[in-house]
Each structure stands twice: as structure tokens, then as C-alpha cells.
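S.K.: Fold the following for me, if possible:
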Amino acid sequence: MVKDPNNPCLFCNSETSGIAHENELAYASYDTYPVSNLHCLIIPKRHLSDYFDLTNEELLACNDLIKIIKKEITEKDKTVKAFNIGTNAGKISGQSIMHCHIHIIPRRDGDVENPQGGVRSVIPKNQHYKRKI
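M.R.: Reported below is the predicted structural model:
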């Protein structure tokens, strides 16, 4: 039987999730199912469903951690040349843990055949596009 990460909420227990960095309102944890090596999550400490429920103070706290993690990742791994930063808001978007979290996904040259479109790949048929002149 698969354990439900929402009952109890996995991200409400930062000790279970693991803390790489934290501030008063949020913490950073390396993803246990990483898309790429050093994929990290920024998680507000207050239980809220998604990004749109963040207060301005929580948003700034998360952003501070995003910058700290970006620096840490690029110092640990010189092959990281870019990042995707994103969040899923709601089950239809793909959110499976219903506690707001922001993904920081390190990208390396050649990690996919054609990276054009980046986060647009959430709907694969719309990832690659031709610019209209």
C-alpha cells in the first residue's frame, strides 16, 4: 500500500522532509524524487495549498531561499548552467502534495535533446514552437 503524503502532510514535518536551509517562514529541502541531480524544493512552513495563497512576506522568504539554493547548487556542481523554477497549483496542474512548494531544477548542457520551451513542456505538444515574424 502506498503511503499518502497528504495524510499527514509530508511538508508540514520539515524534519521528515529534511532541511537544507531555512528562514523564519520557509525551508529548502532536496527533492527525494529529483528531476535532475540537486533538484530542490522551497516549502513555506505554514500549511497552505499553493503559491497563490502565499503572503507577500512568505513569498519574499521563499525567494530568499531560492537565491541561496541557486548559489549553493552552482558552487557544488559546475556543470549546472541554468535552472527551471516552477510550482504546481492544484491537482489538474500535477500537484500531488497539497502543500505549496516551489521546484528549483538545475539544468545542464545536453540534459535533453531540445530544451526550447522549458516549462512549456508541461503540455508536450506546445513545448516546441516556431516564432512568428
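
S.K.: where do the strands sit along the protein?
M.R.: Assigned by DSSP state E, the strands in the chain fall at 21-22, 26-30, 40-44, 80-86, 102-108.

S.K.: ranges for the helices of the chain?
M.R.: 14-17, 56-76 (DSSP state H).

S.K.: Which of the strands of the chain sits closest to residue 9?
M.R.: The stretch from these with the least distance to residue 9 (Cβ to Cβ) is strand 40-44; that distance is 10.3 Å. Backbone N, C-alpha and C define where each C-beta goes, glycine included.

S.K.: Could you say which of the strands of the chain is packed most deeply?
M.R.: strand 40-44 (a mean of 25; mean count of other Cβ atoms under 10 Å).

S.K.: That one to strand 102-108, inter-axis angle?
M.R.: 160 degrees (axes from the mean of the first three to the mean of the last three Cα atoms, to 10 degrees).

S.K.: Check the protein and tell me which residue is nearest its centre.
M.R.: residue 103 (0.6 Å; Cα atoms, centre = their mean).

S.K.: where does this structure have low pLDDT?
M.R.: Within the chain, the ranges that satisfy pLDDT under 70 run 1-2, 126-129, 131, 133.

S.K.: repeat that with 80
M.R.: Within the chain, the segments meeting pLDDT under 80 span 1-2, 15-17, 120-133.

S.K.: sorry, back to before: which one of the strands of the chain lies closest to residue 51?
M.R.: strand 102-108 (7.1 Å).

S.K.: picking that back up, what are the neighbouring residues in contact with the residue nearest to the centre of the chain?
M.R.: Counting by Cβ atoms under 8 Å, 6 or more residues apart in numbering, residue 103 makes contact with 31, 35, 39-41, 84-87.
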